[in-house]
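> Model the following, please.
(one chain, ligands or ions: 1)
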Amino acid sequence: MSYVDNVISEIKKSSPAQVEFHQAATEVLNSLRPLLQKEPKYEKNKILERLVEPERQITFRVAWIDDKGEIQVNRGYRVQFNSAIGPYKGGLRLHPSVTTGTIKFLGFEQIFKNSLTGLAIGGAKGGAKFDPKGKSDNEIMRFCQAFMTELFRHVGPTVDVPAGDIGVGGREIGYMYGQYKRLTTSHDGVLTGKGINYGGSLARTEATGYGLVYFAEEMMNDRGNSLAGKICAVSGAGNVAIYTVDKLQQIGAKPVTVSDSRGMIHHAAGIDLAALRQTKEVERASLTRYLELCPDAKYIPVSEYPKGRNMVWSVPCFAAFPAATQNELNAADAAELLKNGCQCVSEGANMPSTLEAVDLILKAKIAFGPAKAANAGGVSTSQLEMAQNASMQQWSFEEVDQKLRGIMSGIFRNANETAKEFGEAGNLVLGANIAGFRKVADTMISLGVY
Ligand code: NDP
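Got it, this is the predicted structure:
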């Protein structure tokens with residue numbers, strides 16, 4: 001059995017239930033094969049065995065009182081995966097589907113993503129199995145305070161700096177940061193995605209979506225094409241999706257879909273950004289509200305999707321931006337996109353495409369931006385927030401946006417050049433994984449066995 005096969009098989013044996021982590025590790029490790037063959041030092045130093053084992057995993061009780069006066073108990077997580085190149089950095093997810101396997105897959109991906117940004121940040125992820133839907137503002141506050149009451153022991157501005165993810169936006173970061181300050185009396189920017197009044201960075205809210213579009217434009221320009229004037233399909237209706245729609249419209253493309261966990265909107269005239277923000281950011285409502293605001297759009301509830309399909313991907317488009325959640329684009333969806341002439345898939349969500357879907361897309365040789373490269377704009381701008389906090393400065397929106405654009409362009413060049421170096425021009429999955437891995441692995445060797 002080869003080195004890679006051995007490590008994958010050990011992961012499956014030692015943590016059989018963590019299927020999402022198996023999927024992420026299988027993708028990364030498989031694409032490292034050509035590098036591992038060329039450079040025996042990684043096997044000799046047992047880098048893969050060390051890399052797949054988090055440096056530290058913390059699980060903890062989150063007990064809080066709901067509006068009826070009942071005690072609720074949830075499980076909190078922080079997986080500090082790898083700090084070779086810098087302090088741990090990665091978001092917090094609040095969703096009922098969260099398991100150890102979810103947080104581990106996200107933390108593992110984060111190692112390579114953070115390395116690719118060229119910034120000094122290690123990989124981590126956290127969150128809780130908790131459903132924010134239907135909770136009052138006070139309940140969210142009490143939950144976030146209880147969550148931080150344990151998490152504060154494990155984080156710090158040069159140790160671990162969490163951010164938002166699914167279910168964690170500006171409101172939740174504010175409540176968590178408030179509790180951190182009460183517990184430590186310290187205003188040291190230990191979370192990113194903070195409000196502008198208390199240390200947040202301009203353009204952080206927009207960064208993942210904007211960066212995703214900058215990355216897709218880099219891929220298109222490299223192929224002598226552009227997104228301007230093109231129909232685009234976007235899934236999700238949260239932070240990443242909203243600012244993907246925003247930037248696509250700014251560059252003259254036409255996004256026509258968005259979706260949430262209950263259904264999707266197909267708006268052939270083009271998504272109305274103001275109606276989308278009103279629905280999701282102001283009212284926190286379902287997309288049926290968007291339909292009330294824009295009656296010429298079409299709403300399809302999830303109950304009407306054919307089994308095993310995500311209907312967003314059946315809308316003919318030039319470029320697709322999965323920006324909701326993991327495994328939301330499977331092989332059947334990919335085949336439909338390709339049949340309809342799609343030329344670009346750029347991943348806004350983490351691991352939105354199944355392994356089979358990625359295989360099909362890569363074989364078709366259309367542009368494919370893997371999440372760890374294409375959605376790295378969020379974490380990059382989080383690091384810019386850390387830099388502003390450390391120097392007690394606030395940069396302008398334009399300055400942050402310009403830096404973001406430069407970082408996305410650098411990530412594209414790094415992944416693209418690395419793919420060419422290994423004779424796989426255009427395969428950014430391989431390019432991103434090898435480029436991200438090399439920096440972390442070489443650093444681990446320099447730091448001695450740990
Ligand atoms: P939000 O919570 O703001 O939005 C998530 C969106 O996806 C919502 O519209 C939600 O619908 C939908 N969604 C979530 N779970 C499911 C599901 N199981 N099925 C269908 N739809 C679902 O999260 P973000 O926009 O921040 O994150 C989206 C993705 O982007 C995640 O994969 C995240 O890890 C990734 N990402 C986020 C970054 C950031 O800066 N925020 C940075 C890099 C990656 P509903 O409201 O109905 O639940």
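> what's the neighbour count on H187?
12 (other C-beta atoms under 10 Å). C-beta here means a position set from N, CA and C on the backbone, and glycine is covered the same way.
> One more: Q57?
Q57, neighbours per other C-beta under 10 Å, totals 16.
> again with I65
By the criterion of other C-beta under 10 Å, I65 has 14 neighbours.
> residues touching it, list them.
I65 is in contact with I71, Q72, R142, counting by C-beta atoms under 8 Å, 6 or more residues apart in numbering.
> Contact residues of the chain facing the ligand?
164-167, 169, 208, 236-241, 260-262, 323-325, 348-350, 375, 378 (C-beta under 6 Å from any ligand atom).
> This protein: strands as residue ranges?
With strands called from DSSP state E, the chain shows them at 56-65, 71-82, 88-95, 122-129, 160-163, 231-234, 254-259, 263-266, 298-301, 319-321, 344-346, 367-369.
> Format these as CSV; extra columns: mean pLDDT.
Output for the strands of the chain, formatted as CSV (pLDDT from 0 to 100):
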stretch, mean pLDDT
strand 56-65, 98
strand 71-82, 98
strand 88-95, 98
strand 122-129, 98
strand 160-163, 98
strand 231-234, 98
strand 254-259, 98
strand 263-266, 98
strand 298-301, 98
strand 319-321, 98
strand 344-346, 98
strand 367-369, 98
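> Out of those, which one sits most buried?
Ranked by average neighbour count under the criterion mean count of other C-beta atoms under 10 Å, the strands of the chain are headed by strand 319-321 at a mean of 31.
> Tell me which residues are up against stretch 3-19.
For stretch 3-19, using C-beta under 8 Å, 6+ apart, the contacting residues are 1, 21-22, 25-26, 29-30, 32-33, 36, 43, 48-49, 52, 99-101, 104-105.
> ok, 7 Å please
Residues outside stretch 3-19 that contact it (C-beta atoms under 7 Å, 6 or more residues apart in numbering): 21-22, 25-26, 29-30, 32-33, 36, 43, 48-49, 52, 100-101, 104.
> are any of these buried, and which?
Restricting these to buried positions leaves 21-22, 25-26, 29, 32-33, 36, 43, 48, 52, 100-101, 104, with burial counted as 16 or more other C-beta atoms under 10 Å.
> Dump those into TSV; add distance to T443 as well.
TSV is the format used below for the buried ones among the contacts of stretch 3-19 (distance: C-beta to C-beta, whole Å):
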residue	distance to T443
F21	23
H22	25
A25	20
T26	24
L29	19
L32	16
R33	21
L36	17
E43	17
L48	15
V52	17
T100	26
G101	27
K104	21
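> With distance to L329 and pLDDT added, can I get these in CSV?
Below are the buried ones among the contacts of stretch 3-19 laid out as CSV (distance: C-beta to C-beta, whole Å; pLDDT from 0 to 100):
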residue, distance to L329, pLDDT
F21, 19, 98
H22, 19, 98
A25, 20, 98
T26, 17, 97
L29, 22, 98
L32, 23, 98
R33, 25, 97
L36, 28, 98
E43, 33, 98
L48, 27, 98
V52, 25, 98
T100, 24, 97
G101, 19, 97
K104, 21, 98
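> For the ligand, state which of the residues you listed is nearest.
K104 (13.6 Å; C-beta to the nearest ligand atom).
> possible to save the strands of the chain as a markdown table with distance to R182?
Output for the strands of the chain, formatted as a markdown table (distance: least, C-beta to C-beta, whole Å):
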| stretch | distance to R182 |
| --- | --- |
| strand 56-65 | 16 |
| strand 71-82 | 18 |
| strand 88-95 | 18 |
| strand 122-129 | 20 |
| strand 160-163 | 17 |
| strand 231-234 | 39 |
| strand 254-259 | 37 |
| strand 263-266 | 40 |
| strand 298-301 | 43 |
| strand 319-321 | 39 |
| strand 344-346 | 41 |
| strand 367-369 | 41 |
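> Let me see the ranges of the helices in the stretch 51-200 of the chain.
100-116, 137-151, 170-184 (DSSP state H, counting those that start in this stretch).
> Need the winner for burial among the ones you listed.
Greatest average neighbour count among those goes to helix 100-116 (a mean of 27), per mean count of other C-beta under 10 Å.
> quick one, it and strand 88-95 angle?
140 degrees (axes from the mean of the first three to the mean of the last three C-alpha atoms, to 10 degrees).
> which helices and strands sit right next to helix 100-116?
The contact analysis (3 or more C-beta pairs under 7 Å, 6 or more residues apart in numbering; DSSP states H and E) places helix 100-116 against helix 19-31, strand 71-82, strand 88-95, strand 122-129, helix 371-374, helix 397-421, helix 428-446.
> Just the buried residues of the residues of the chain next to the ligand.
164-167, 169, 208, 236-241, 260, 323-325, 348-350, 375, 378.
> can you tell me which of these are in helices?
Using DSSP state H, the members of those that fall in helices are T208, N239, V240, A241, G378.
> now those in TSV, with pLDDT?
Converted to TSV, these look like this (pLDDT from 0 to 100):
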residue	pLDDT
T208	98
N239	97
V240	98
A241	98
G378	97
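> For those residues, give me JSON lines that also has distance to M220.
Supplementary listing: those in JSON lines, determined by distance: C-beta to C-beta, whole Å:
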{"residue": "T208", "distance to M220": "19"}
{"residue": "N239", "distance to M220": "24"}
{"residue": "V240", "distance to M220": "19"}
{"residue": "A241", "distance to M220": "20"}
{"residue": "G378", "distance to M220": "21"}
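> picking that back up, the helices of the stretch 51-200 of the chain: which one's closest to V62?
Taking C-beta to C-beta, helix 137-151 is the member of the helices of the stretch 51-200 of the chain nearest to V62, at 4.9 Å.
> Now that closest one - C-alpha only, CSV.
Extracted C-alpha coordinates of helix 137-151, given in CSV (Å, rounded to 0.1, in the frame of the first residue of the first chain):
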residue,chain,number,x,y,z
ASP,A,137,-32.1,37.9,20.0
ASN,A,138,-31.8,37.5,23.7
GLU,A,139,-31.4,33.7,23.3
ILE,A,140,-28.7,34.2,20.8
MET,A,141,-26.9,36.6,23.2
ARG,A,142,-27.1,34.2,26.1
PHE,A,143,-25.9,31.3,23.9
CYS,A,144,-22.9,33.3,22.6
GLN,A,145,-22.0,34.5,26.1
ALA,A,146,-22.1,30.9,27.4
PHE,A,147,-20.0,29.7,24.5
MET,A,148,-17.3,32.3,25.1
THR,A,149,-17.3,31.7,28.8
GLU,A,150,-15.4,28.5,28.0
LEU,A,151,-13.8,29.4,24.7
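> Report all helices and strands that that helix contacts.
strand 56-65, strand 71-82, helix 170-184.
> Many thanks, I have nothing further to ask.
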